[in-house]
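Asker: below are the sequence and a predicted model; questions follow.
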Amino acid sequence: MSEFIYKSAIELADLIRNKNATSRQIVSDHLAQIEKHNGSLNAVIISMKQEALQTADLCDQEAADGKFRGPLHGVPMTIKEQFWVKGTKSTVNSNMHKDWVAPEDAVIVDRLKKAGAVILGKTNIPKNLTDYQVSGDIYPEGKNPYNTEYSPGGSSGGSSAALASGMVPIELGGDFGGSVRVPSNYCGLYGLKLTENTTPGHGMVPQPKGARGAIFHMAGPGPMARDIDDMELVWKIIRGPHACDRNTPRIDWQEPEERSLSDLKIAWVDGWPGYEASSQTRSVIKRFVDQLAKNNSRTENIGPPDDLHRRSLAIWVRMFPQLIGQDVPWFIRPLMKMEIKKTLLKGMNEFHGELDKGFKHSLINYSESMGVKAGITREWEGFFENHDLLICPMSFGPAYRRCKLGTPIEYDGKKLAYINYVWPYVACFNASGNPAINIPLGIGKEGLPVGVQVVGAYWSEPLLIRFAKLVSGFTDGFVKPDGY
């Protein structure tokens, strides 16, 4: 295996800057890693090999002249298929958009390119981004490098598989219902869901012909990496307002105070009312919390009051069709609703009434939804006035076996509705807009990665990242899968 594979993006950038390696060498070796392993994983589904090599050569010419584009100068990465990369398809793995080609780069892709990143290709996703595994109309099914019988997570499953198998050091994912955090959890990576509206939404998904605009509540891009410093770097590059998107405020991001673990007041839960977690997940969280206590953190087993978790899930379900149904003809919406109830939300009867509300598109309905969502956010922010962070499960258990969408999942002696294995643990924070990070903790009993979700108040990304660095001393972190 090449000496460059599994190095961090920051290490690779330093090699190029110090003239100890060329971008051409590094990019070529990562392209070779893709060629070697992609056939068994289907992680990268659009190759940009020639463009990448040309860009790498140009980066090397610039480096020879002492010119560097930014902190990622000459470093390879991939981009999740949903995001616009000029001249490439962005289909969301659906025949409805099978010929859609991006007219320009997404704002965040443009920022990464200007920082020096070399784009090797685009990574695999489920149809319409609505699954926790990777299959759809156009691309072959994505697989988990730790065990190809299992899901790599979704919707950024191609991203997580590419990172875990050493194809790239960093990736750009997107999170609408756990789509950065869950794949990171299932493949042993760091993944950060950002505070809502802290990155521009322009170029996030293909736009139907004649589209009059788009709203992106509860959804946003997020960095994924094997290394916490790499993830932090990508976050700093993509964040912040842009002239094309006035919904992104200018935030005075502050470096976190030099707080130790003993300075933090940390709440934790190992499940939610009506949504317990598996024995392994509970055990992983308990061991993690015990380690925090040994390091003098003030930990408390407490969640938010007043059924806030359930109400957060309810408003997510209500707003979900308001987002995915944009510019969809009225006569198609009943068919969409029927399909969703039969597949993704099969067995989740508790919130079907909220789904029905969401498909009744009207200004009043949308306004009511936004009012409820704002109230949910206020309540979560009230919880974080008394706690710095919240530790909670990312999923009922580790990655699950690939199966037909909507099939009940059996694990730990229990049989769960398909949607309830993952969704209740993550979508609540898409609804509230709070930032959340997956912290990898090593390998569990089945040889699959395990980790925890850590959530903070609005704009607390610096604290979440610092916390991940502070706990790295007593976690296994990313563990490379065998054979890669």
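Answerer: Sure, I can see it.

Asker: tell me which residue is most central in the chain.
Answerer: residue 180 (1.0 Å; C-alpha atoms, centre = their mean).

Asker: got the contact list for that one?
Answerer: Applying C-beta atoms under 8 Å, 6 or more residues apart in numbering to residue 180 gives the contacts 156, 173, 174, 191, 192, 193, 222, 223, 224, 438. For glycine as for every other residue, the C-beta is placed from the backbone atoms N, C-alpha and C.

Asker: swap in 10 Å and give it another go.
Answerer: Residue 180 sits next to 80, 153, 155-156, 159-160, 171-174, 189-194, 220-224, 426, 436-438 when contact means C-beta atoms under 10 Å, 6 or more residues apart in numbering.

Asker: tell me where the stretch 301-450 of the chain has strands.
Answerer: Secondary structure of the stretch 301-450 of the chain (DSSP state E, counting those that start in this stretch): strands at 389-392, 409-411, 414-416, 436-443, 449-455.

Asker: give the pairing partners of the first one; include direction for each.
Answerer: What that stands for is strand 389-392. Here strand 389-392 has these sheet partners by DSSP bridges: strand 265-268 (parallel), strand 449-455 (antiparallel).

Asker: tell me the most buried of those strands?
Answerer: Across these, averaging neighbours per residue (mean count of other C-beta atoms under 10 Å) puts strand 449-455 on top, at a mean of 27.

Asker: how close does the residue in the chain sticking out farthest from the centre get to residue 25?
Answerer: The C-alpha centroid of the chain is most remote from residue 65, which lies 36.9 Å away (C-alpha atoms, centre = their mean). Distance, residue 65 to residue 25, using C-beta to C-beta, to the nearest Å: 18 Å.

Asker: and residue 271, by the same measure?
Answerer: Residue 271 sits 48 Å away from residue 25, going by C-beta to C-beta.

Asker: kindly report the same for residue 262.
Answerer: Taking C-beta to C-beta as the measure, residue 262 falls 45 Å from residue 25.

Asker: out of those two, which sits in the busier spot?
Answerer: The residue with more neighbours, out of residue 262 and residue 25, is residue 25; 17 against 10, by other C-beta atoms under 10 Å.

Asker: wait, is the more buried one part of a strand?
Answerer: No. Read with DSSP: H, G, I helix; E, B strand; the rest coil, residue 25 is helix and lies in no strand.

Asker: and the residue nearest to it when sequence neighbours are not counted, how many residues sit next to it?
Answerer: Setting aside the residues directly before and after it, residue 25 is nearest to residue 4 in space (C-beta to C-beta, 6 or more residues apart in numbering), at 7.1 Å. By other C-beta under 10 Å, 20 other residues sit near residue 4.

Asker: one step back: among the contacts of residue 180, which ones are in helices?
Answerer: Using DSSP state H, the members of these that fall in helices are 159, 160, 426.

Asker: contacting residues around residue 137?
Answerer: Counting by C-beta under 10 Å, 6+ apart, residue 137 has contacts 91, 92, 93, 94, 95, 96, 97, 98, 127, 128.

Asker: distance to residue 56, neighbour count and pLDDT added to those residues, as TSV?
Answerer: Putting those into TSV (distance: C-beta to C-beta, whole Å; neighbours: other C-beta atoms under 10 Å; pLDDT from 0 to 100) gives the following:
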residue	distance to residue 56	neighbour count	pLDDT
91	27	27	97
92	29	23	96
93	28	25	97
94	32	18	95
95	34	11	95
96	35	14	90
97	30	19	93
98	30	13	95
127	33	21	96
128	33	20	93
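
Asker: nearest to residue 401 among the residues you listed?
Answerer: residue 127 (19.2 Å; C-beta to C-beta).

Asker: how many neighbours does the closest residue to that closest one other than its chain neighbours have?
Answerer: Spatial nearest neighbour of residue 127, excluding adjacent residues (C-beta to C-beta, 6+ apart): residue 136 at 3.3 Å. Using other C-beta under 10 Å, residue 136 has 24 other residues around it.

Asker: pretty sure residue 136 sits in a strand.
Answerer: No. In this structure, residue 136 is coil, not part of a strand, as judged by three-state DSSP.

Asker: can you name the residues that contact it?
Answerer: 45, 81, 91-95, 124-130, 142, 155.

Asker: so who does residue 218 touch?
Answerer: Residue 218 neighbours (C-beta under 10 Å, 6+ apart): 175-177, 196, 315-316, 319-320, 322-323, 373, 427, 429-433.

Asker: of those residues, buried ones?
Answerer: Buried members of the contacts of residue 218, scored by 16 or more other C-beta atoms under 10 Å, are 175-177, 196, 315-316, 319-320, 322, 373, 427, 429-433.

Asker: out of those, flag the one nearest to residue 232.
Answerer: Among those, and counting by C-beta to C-beta, the member closest to residue 232 is residue 175, at 16.7 Å.

Asker: so which of the strands paired with strand 389-392 comes closest to residue 69?
Answerer: Residue 69 lies closest to strand 449-455 among these, at 32.6 Å (C-beta to C-beta).

Asker: report the buried residues of the helix or strand following that closest one.
Answerer: Of the helices and strands lying after strand 449-455 in sequence (DSSP states H and E), the nearest is helix 461-471. Residues of helix 461-471 classed as buried under the neighbour-count rule (16+ other C-beta under 10 Å) are 461, 462, 463, 464, 465, 466, 467, 468, 470, 471.
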